[in-house]
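Q: need a 3D model of the following:
(2 chains)
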Amino acid sequence: EAGVTQFPSHSVIEKGQTVTLRCDPISGHDNLYWYRRVMGKEIKFLLHFVKESKQDESGMPNNRFLAERTGGTYSTLKVQPAELEDSGVYFCASSQQGLGYEQYFGPGTRLTVT
Amino acid sequence: DQQVKQNSPSLSVQEGRISILNCDYTNSMFDYFLWYKKYPAEGPTFLISISSIKDKNEDGRFTVFLNKSAKHLSLHIVPSQPGDSAVYFCAASDRYGGSQGNLIFGKGTKLSVKP
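A: This is a model prediction of the structure:
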């Protein structure tokens, strides 16, 4: 069974540009989460999809971040326009339907904004 | 304010001995706890979890203990192996409350197992 995949693995963009990160969850997992780790800090929750619906987006930093999950399969996270403080590693995780199941993480996308 | 705390940034253990990683939490609504292991340039890998209705869960060399009254959990690795060297994250969730299963992470403890 394929794990969670993320693309790209690394992105370097200039301040003010746009970047779109993609996450493909484990097949059949209804729950999809985005997290971010800024250097030296803890991994922090951004948002949670159940199928195609946003269940909780309380962790999204501001309206420069837009997440979508069309058809309840893969998800994208767009940052527009990017700022320096957006640099970090963005992780995607997925879990089975319902709560109380472990979340499986992808390898992350390292975003560097210069 | 951090709700999940791992107060030891690093831990060094001799191969074959026990590794004990600690985690404290402040939110009494947390009802599900997990440990993840992370190697450089990889995502966190799930290790073991425990529900708040239990005080111990064991899986091979890994055992997690939960002390709800102290709001403390620990991960024991016995025996420790060099391949266990990684950063270990403690995470907690309030599954049926406001966070709906979202994980709150500690800052991690870097474990080094010396041959």
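Q: C-terminal to the least confident helix or strand in chain A by mean pLDDT, what's the next element?
A: Scoring the helices and strands of chain A by mean pLDDT, DSSP states H and E places strand A:53-56 at the bottom, with a mean of 92. Next along the chain after strand A:53-56, taking DSSP states H and E as the criterion, comes strand A:65-68.
Q: quick one: distance of that next one to the chain centre.
A: Remark: strand A:65-68 is offset 9 Å from the chain centroid, using Cα atoms, centre = their mean, to the nearest Å.
Q: mind listing the strands that strand pairs with, and their directions?
A: Applying DSSP bridges, strand A:65-68 is found paired with strand A:75-79 (antiparallel).
Q: which outside residues touch the partner strand?
A: With contact meaning Cβ atoms under 8 Å, 6 or more residues apart in numbering or on different chains, strand A:75-79 is reached by A:18-23, A:25, A:32, A:34, A:46, A:49, A:64-69, A:86, A:90, A:92, A:111. From N, CA and C alone the C-beta is placed, and that goes for glycine too.
Q: going by neighbour count, list what's buried in that strand.
A: Using 16 or more other Cβ atoms under 10 Å in any protein chain shown as the test for burial, strand A:75-79 gives A:75, A:77, A:79.
Q: got any ranges where the chain has weak pLDDT?
A: I went with chain A, as the question did not name one. Scanning chain A for pLDDT under 70 picks out the ranges A:1, A:99-100.
Q: try chain B instead
A: Looking along chain B with the criterion set at pLDDT under 70, you get B:97-100.
Q: give me that answer again for 80
A: B:1, B:95-101 (pLDDT under 80).
Q: grab the nearest non-local neighbour of residue 32.
A: In the absence of a named chain, chain A is used. Spatial nearest neighbour of A:L32, excluding adjacent residues (Cβ to Cβ, 6 or more residues apart in numbering or on different chains): A:F49 at 4.4 Å.
Q: you looked at the wrong chain, it should be chain B
A: Using Cβ to Cβ, 6+ apart and skipping the chain neighbours, the partner closest in space to B:Y32 is B:S93 (4.5 Å).
Q: does the one you found really touch B:S52, like I thought?
A: No: contact criterion Cβ atoms under 8 Å: B:S93 and B:S52 do not qualify, at 10.0 Å.
Q: mutual contacts of those two, please.
A: B:30-33.
Q: now for the residues you listed: which two are most distant?
A: Every pair in the shared contacts of B:S93 and B:S52 was compared (Cβ to Cβ); the two farthest apart turn out to be B:D31 and B:F33, at 8.4 Å.
Q: among those two, which residue is more densely surrounded?
A: Set B:D31 next to B:F33 and count neighbours by other Cβ atoms under 10 Å in any protein chain shown: B:F33 wins out with 24 against 19.
Q: so who does that one touch?
A: B:F33 neighbours (Cβ under 8 Å, 6+ apart): B:23, B:25, B:49-50, B:52, B:64, B:66, B:73, B:90-93.
Q: can you tell me the element the most centrally placed residue in chain A falls in?
A: The centroid of chain A falls nearest to A:W34 when counting by Cα atoms, centre = their mean (3.4 Å). Assigned by DSSP H and E, A:W34 belongs to strand A:31-37.
Q: the closest residue to A:T112 other than its chain neighbours: how many residues sit nearby?
A: Nearest residue to A:T112, sequence neighbours excluded (Cβ to Cβ, 6+ apart): A:V12, at 4.6 Å. Using other Cβ under 10 Å, A:V12 has 13 other residues around it.
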